[in-house]
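S.K.: turn this into a structure:
(chains A and B)
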Amino acid sequence: MLMRLSFSKGVTYVIRLENVSKVFTVKSKEVKAVDNANIHVKKGEIHGVIGYSGAGKSTLIRCVNLLERPTSGKIVINGEEITTLSPNKLGATRQKIGMIFQGFNLLKTATVYDNIAIPLKLLGVNKEEVKARTEKYLAIVGLQDKHHHYPSQLSGGQKQRVAIARALAQEPEILLSDEATSALDPETTDSILDLLLKINEEFGITILLITHEMNVIQKICDYVYVLEGGSIVEHGTTIGLFTNPRHQTTKKFLNTISQRNLSATLISQLNLSGSVIRLTFTGLVTGKPLLAEVSQKFNVKPNILAANIIELKNGVIGNLVVHIIGEKSDVESTLRFLQEQGVGTEELRDEN
Amino acid sequence: MSEFIEKWLPQFQQATVETFQMVGISLLFSIIIGIPLGILLVLSRPGQALDNKWLNHLLNLVVNIVRSVPFIILLFFILPFTKLIVGTTIGVQGVIVPLVIYTSPYIARLMETALLEVENGVVEAYTAMGIKTRHIIWNVMLREARPSIILGLTIATVSLVGATAMAGLVGAGGLGDLAYRYGHLRYEVDVMYVTIFILIILVQSIQSLGNRLATRLKKD
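M.R.: Have a look, this model is predicted:
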């Protein structure tokens, strides 16, 4: 029934979370770690959940492979409801879902090679295949010369590469990433993100990740969910969210990658003689000399206060903070005109 | 000197052999009982694979009760049980049962501590891969805990050597008995010194062996 429903819409989702909630009981008090979350990921997409610590991201992603059993709601993987599966069948489904962690979770007592080979052996993969896969995926993550090293001899980034190779060696359709880059320095983070993009493109692996770093979302995600207090407070395509954030939390996260706000005192001063507006340009609009046009068309003088460009996975966004000097009515018609041209506008007030 | 050796060598040889017998045999049985018991103590904890509050409470109670009784009292307290199991309450045979009962819960506790040191994240990673619990016990928990398990068993062995000293009370002999009977009761001070010296060497060797093995297994 559910299968047919999703087919009839012409879309099939690899990962589908329907109204998932998770309640923990701590000292006879109920804590809602995840509240009615809905996530839909199509094949080959990369979706990211962003939130502060304690927002419930980890619980949410652990619900996807039932490391955490949701209190209510459905988890559908490839059209199959998995919360009601027998332990054996659940095991088979889990093999299709790779997972990487913030703490890498490698065997300390095993070499890099064994860290990948042991799980494969335990999953019943035959000897030659174990060897072939282990060598193949270690080469893909760039650790072909580290077979006999122990995890303690590797850097954080290399350990995460081993963990990624281990996940890939099961040849999964889905990869879950639980803060995989949070323990790494910015440069290493970038290289791991590049690796995730590469495996997404080369193997068509669908990725769901959680993070508290906006640059992770910016670099590799197609779609974003903003999680706060266990609820998804805002979601949308990465471009959509970067151009037109609505929720306060989303805006705060955006501020972490580019300075979007001016100080309250500066804004209140400038507001005396006009309005401080943030303009967001995406796609074709970036090519037009709109500000020049505006000053001719209306009785206003735009003054650029700050500007930046954000490169996203699927496009480029230009941000411009302008002080538009002029009468209130002129400023309003200017904004209307800009909106008609496809420019995002947001008035900055001193309470921000 | 040579007179002393001539007089006492056979006695020391016999006592050493008895000590080795007692330690070896009881250690073997204690491991067979203690390791699975330790695993069960961990697995029945809340949130673990066999999460079972009652089983966990019961196991903890049993382990704590046995661990509360000093060996010298345990030795006599369980005489009827010993008789039932091995048919005698004296000699090396008679002391094995109390030694095993004394040591297994100790080993179980040491196993529990060793296994709890294994990062839960690794267990979780393997669960997420769809690997069966029994495989995880062997290939993740026991494997990763090996260095701590070896150190734990070393501690248990040393304490077992100590417990065998009381074995003389049921006529099982051993080095402790030799020191007590000749060294203490008959004022043969030299026998006492030599026994202590042998015991020191024995304990040192056990500890060094355990340390070396644990270091070799530890890779971080």
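S.K.: now the helices for chain A?
M.R.: Counting by DSSP state H, chain A has helices at residues A:2-8, A:57-64, A:87-95, A:112-122, A:127-140, A:156-169, A:186-203, A:214-220, A:238-243, A:248-257, A:264-270, A:290-297, A:328-340.
S.K.: contact partners for residue A:278?
M.R.: A:260, A:319, A:320, A:321, A:322, A:344, A:345, A:346, A:347, A:348 (CB atoms under 8 Å, 6 or more residues apart in numbering or on different chains). (Each C-beta comes from the backbone N, C-alpha and C, glycine too.)
S.K.: most surrounded residue in the residues you listed?
M.R.: For the contacts of residue A:278, the largest neighbour count, defined by other CB atoms under 10 Å in any protein chain shown, is 24 neighbours, found at residue A:322.
S.K.: how close does the residue nearest to residue B:107 when sequence neighbours are not counted get to residue B:114?
M.R.: Spatial nearest neighbour of residue B:107, excluding adjacent residues (CB to CB, 6 or more residues apart in numbering or on different chains): residue B:34 at 2.9 Å. Distance check for residue B:34 against residue B:114: by CB to CB, to the nearest Å, it reads 11 Å.
S.K.: how about the closest residue to chain A within chain B, secondary structure?
M.R.: With CB to the nearest CB as the measure, residue B:130 is the residue of chain B nearest to chain A, at 3.4 Å. Secondary structure state of residue B:130, per DSSP: H, G, I helix; E, B strand; the rest coil, is coil.
S.K.: let me see the contact set for the nearest residue to residue A:80 once chain neighbours are set aside.
M.R.: Once flanking residues are discounted, residue A:80 sits nearest to residue A:93: 7.0 Å by CB to CB, 6+ apart. Shown in contact with residue A:93 (CB under 8 Å, 6+ apart): A:65, A:77, A:80, A:82, A:85, B:130.
S.K.: before we move on, back to that, nearest to chain B, of the contacts of residue A:278?
M.R.: Out of the contacts of residue A:278, the member with the shortest distance to chain B (by CB to the nearest CB) is residue A:260, at 36.1 Å.
S.K.: return the residues of chain B in contact with chain A.
M.R.: Counting by CB under 8 Å from any CB of the partner chain, chain B comes close to chain A at B:119, B:121-122, B:124-132, B:135, B:139-140, B:143-144, B:146-147, B:217-220.
S.K.: and those, which of them are buried?
M.R.: With neighbours counted by 16 or more other CB atoms under 10 Å in any protein chain shown, the residues of chain B next to chain A contain buried members at B:119, B:122, B:124-131, B:139-140, B:143-144, B:146-147, B:217-219.
S.K.: picking that back up, now the helices of chain A as a markdown table including distance to residue B:84?
M.R.: Below are these laid out as a markdown table (distance: least, CB to CB, whole Å):
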| stretch | distance to residue B:84 |
| --- | --- |
| helix A:2-8 | 62 |
| helix A:57-64 | 50 |
| helix A:87-95 | 41 |
| helix A:112-122 | 42 |
| helix A:127-140 | 50 |
| helix A:156-169 | 52 |
| helix A:186-203 | 63 |
| helix A:214-220 | 66 |
| helix A:238-243 | 74 |
| helix A:248-257 | 70 |
| helix A:264-270 | 85 |
| helix A:290-297 | 97 |
| helix A:328-340 | 92 |
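S.K.: those: which one's closest to residue B:102?
M.R.: helix A:112-122 (36.7 Å; CB to CB).
S.K.: quick one: the closest one to helix A:87-95, angle?
M.R.: In terms of direction (axes from the mean of the first three to the mean of the last three CA atoms, to 10 degrees), helix A:112-122 departs from helix A:87-95 by 140 degrees.
S.K.: show me which residues of chain A are close to chain B?
M.R.: Proximity of chain A to chain B, by CB under 8 Å from any CB, involves residues A:65, A:67, A:90-95, A:97-99, A:101, A:103, A:105-110, A:118-119, A:122-123, A:150-152, A:163, A:166, A:170, A:176.
S.K.: swap in 6 Å and give it another go.
M.R.: A:65, A:67, A:91, A:94-95, A:99, A:103, A:105, A:108-109, A:119, A:122, A:150, A:152 (CB under 6 Å from any CB of the partner chain).
S.K.: so can I have a markdown table of these showing pLDDT and neighbour count?
M.R.: Converted to a markdown table, the residues of chain A next to chain B look like this (pLDDT from 0 to 100; neighbours: other CB atoms under 10 Å in any protein chain shown):
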| residue | pLDDT | neighbour count |
| --- | --- | --- |
| A:65 | 94 | 23 |
| A:67 | 93 | 18 |
| A:91 | 92 | 17 |
| A:94 | 94 | 23 |
| A:95 | 93 | 19 |
| A:99 | 96 | 28 |
| A:103 | 94 | 19 |
| A:105 | 96 | 23 |
| A:108 | 94 | 17 |
| A:109 | 94 | 21 |
| A:119 | 97 | 25 |
| A:122 | 95 | 18 |
| A:150 | 95 | 19 |
| A:152 | 94 | 12 |
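S.K.: for chain B, what's the longest helix?
M.R.: helix B:2-43.
S.K.: mind listing what's buried in the next helix or strand along the chain from it?
M.R.: Moving toward the C-terminus from helix B:2-43, the next helix or strand (DSSP states H and E) is helix B:53-68. Across helix B:53-68, burial judged by 16+ other CB under 10 Å covers B:56, B:59, B:60, B:63, B:66.
S.K.: if anything else comes up later, I'll come back, but that's it for now.
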